[in-house]
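# predicted model and sequence follow; I will ask about them next.
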Amino acid sequence: MALLALAGCARAPQSSAPPKPPITAMPADDLERAVPLKAPAQRVVCIGPGATETIFALGAEDKLVGRDQFSDYPKAALKVPVVGDFSGPFPEKVVALRPDLVVVQGETYDKARAQLWEKKIGAPVAVLAATTVDGVERDIEKIGAWLGVAERVAEVTRDFPSHQKAPGYMSARAWSVFFEVQRSPLWAAGKGTLIDSVLRTVGLANVADIEGYKPFNIETLLAQNPEFYITAAPHPDAKRIIKELQNAPGLKNLECIRSGRVVVLDWDLLSRPGPRLPLGIRDLHSQIARLANRDLKEPGELQ
């Protein structure tokens with residue numbers, strides 16, 4: 001007992017090294033895969049325009065060493081080397097950049113592809129696959145944690161619907177709409193897609209009763225007779241697009257197109273799961289509200 005008492009009074013040996021800060025567990029990616037970072041990533045490759053925009057919005061662009069070919073916003077992103085495309089990262093080019101994290105963003109990426117990329121690259125690959133507006137916000141939070149800039153997330157996500165006390169997004173009633181993803185052949189955005197989540201956020205009823213992004217029969221669309229036709233393009237020319245629709249075989253017979261109830265949006269704002277998504281949601285709501293609350297005297301008139 002005396003020996004135990006003496007042992008309890010003895011001082012522990014002192015170390016000259018400063019204590020290490022505790023390591024906080026990093027959030028898993030959207031496929032529920034662990035992201036094994038012992039510290040915030042310092043060299044990041046990003047495959048996905050929305051994720052690239054997020055990194056810039058968070059003020060962490062100095063950590064971005066590689067991007068995909070479609071990441072063109074903001075303009076400063078164009079200075080970052082291209083090491084991937086819509087199919088994913090180019091492993092040989094990514095390895096040369098010595099990243100400690102690769103972020104890939106896409107609704108269809110799966111675990112098998114992510115594991116293959118990790119094996120070829122030798123660095124963690126985190127997959128972001130949000131298909132809802134809330135999911136996009138959570139992905140911004142994950143990027144903030146992985147890059148060690150979590151304190152900046154609140155500012156970047158403040159315009160998302162979840163943070164608005166009275167967002168004013170919901171329509172007076174659930175107008176029926178069709179969202180054109182591609183015209184020839186005609187493709188629609190169905191259930192389980194980010195576009196469908198955006199439509200529901202605004203309070204709209206999507207007539208495309210399908211799963212995912214798929215071809216859609218024009219005869220079926222004519223029978224459903226949606227109240228609004230929605231289309232999008234990069235840097236859209238609304239007047240030109242509406243004129244094309246009014247002359248398109250099959251589509252020109254839709255009452256909403258003949259009556260000018262056509263919404264033309266910026267594709268980049270809606271298709272990129274990033275910090276500018278609220279701008280696309282707000283524009284969609286604004287155009288629907290304007291067209292729904294006035295009598296159009298000229299087909300295709302938006303002003």
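Good, I have the coordinates.
# helix/strand/coil for Ile257?
Ile257 carries the three-state label helix when classified by DSSP: H, G, I helix; E, B strand; the rest coil.
# that one contacts Ile230, doesn't it?
No: counting by C-beta atoms under 8 Å, Ile257 does not reach Ile230; the two are 11.2 Å apart. For the C-beta atoms, the positions are set from N, CA and C on the backbone; glycine is no exception.
# can you map out the helices along the stretch 151-300 of the chain?
When assigned using DSSP state H, counting those that start in this stretch, the helices of the stretch 151-300 of the chain occupy the ranges 153-156, 194-202, 218-224, 238-246, 255-258, 267-271, 277-292.
# possible to save the ones you listed as CSV with distance to Gly122, mean pLDDT and mean neighbour count?
Output for those, formatted as CSV (distance: least, C-beta to C-beta, whole Å; pLDDT from 0 to 100; neighbours: other C-beta atoms under 10 Å):
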stretch, distance to Gly122, mean pLDDT, mean neighbour count
helix 153-156, 29, 97, 16
helix 194-202, 31, 95, 22
helix 218-224, 48, 97, 14
helix 238-246, 46, 95, 16
helix 255-258, 52, 96, 18
helix 267-271, 31, 94, 20
helix 277-292, 33, 94, 19
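# right, and those helices - which one's nearest Pro36?
Closest approach to Pro36 among those is made by helix 153-156 (21.5 Å; C-beta to C-beta).
# contacts for that closest one next, please.
Contact with helix 153-156 is made by Thr54, Ala57, Leu58, Ile140, Glu141, Gly144, Pro275, as judged by C-beta atoms under 8 Å, 6 or more residues apart in numbering.
# let's see which of those end up in helices.
Thr54, Ala57, Ile140, Glu141, Gly144 (DSSP state H).
# ok, and the closest non-adjacent residue to the second one?
Excluding its sequence neighbours, the residue lying closest to Ala57 (C-beta to C-beta, 6 or more residues apart in numbering) is Pro275, at 4.3 Å.
# and that neighbour, how many neighbours?
Number of residues near Pro275 (other C-beta atoms under 10 Å) recorded here: 23.
# who touches it in this structure?
Here Pro275 is in contact with Glu53, Thr54, Ala57, Ile140, Val156, Thr157 (C-beta under 8 Å, 6+ apart).
# could you do Val44 as well?
55, 60, 63-66, 99-103, 146-147.
# 6 Å - rerun?
Lys63, Leu64, Leu101 (C-beta atoms under 6 Å, 6 or more residues apart in numbering).
# could you dump the residues you listed to CSV with secondary structure and pLDDT?
Converted to CSV, these look like this (DSSP: H, G, I helix; E, B strand; the rest coil; pLDDT from 0 to 100):
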residue, secondary structure, pLDDT
Lys63, helix, 98
Leu64, strand, 98
Leu101, strand, 98
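# what is the nearest of these to Ala41?
Set against Ala41, the nearest of the contacts of Val44 by C-beta to C-beta is Leu101 (3.7 Å).
# that closest one is in contact with Ala41, isn't it?
Yes: with contact defined as C-beta atoms under 6 Å, Leu101 counts as touching Ala41 (3.7 Å).
# I'd assumed Leu78 was in a strand, is it?
No: per three-state DSSP, Leu78 lies outside any strand segment and is helix.
# ok, now how distant is it from Phe56?
12 Å (C-beta to C-beta, to the nearest Å).
# Asp72: which of the helices of the stretch 151-300 of the chain is closest?
Among the helices of the stretch 151-300 of the chain, the nearest to Asp72 by C-beta to C-beta is helix 267-271 (8.7 Å).
# for the closest one, name the packing helices and strands.
Helix 267-271 is packed against strand 228-233, helix 277-292, with contacts defined by 3 or more C-beta pairs under 6 Å, 6 or more residues apart in numbering; DSSP states H and E.
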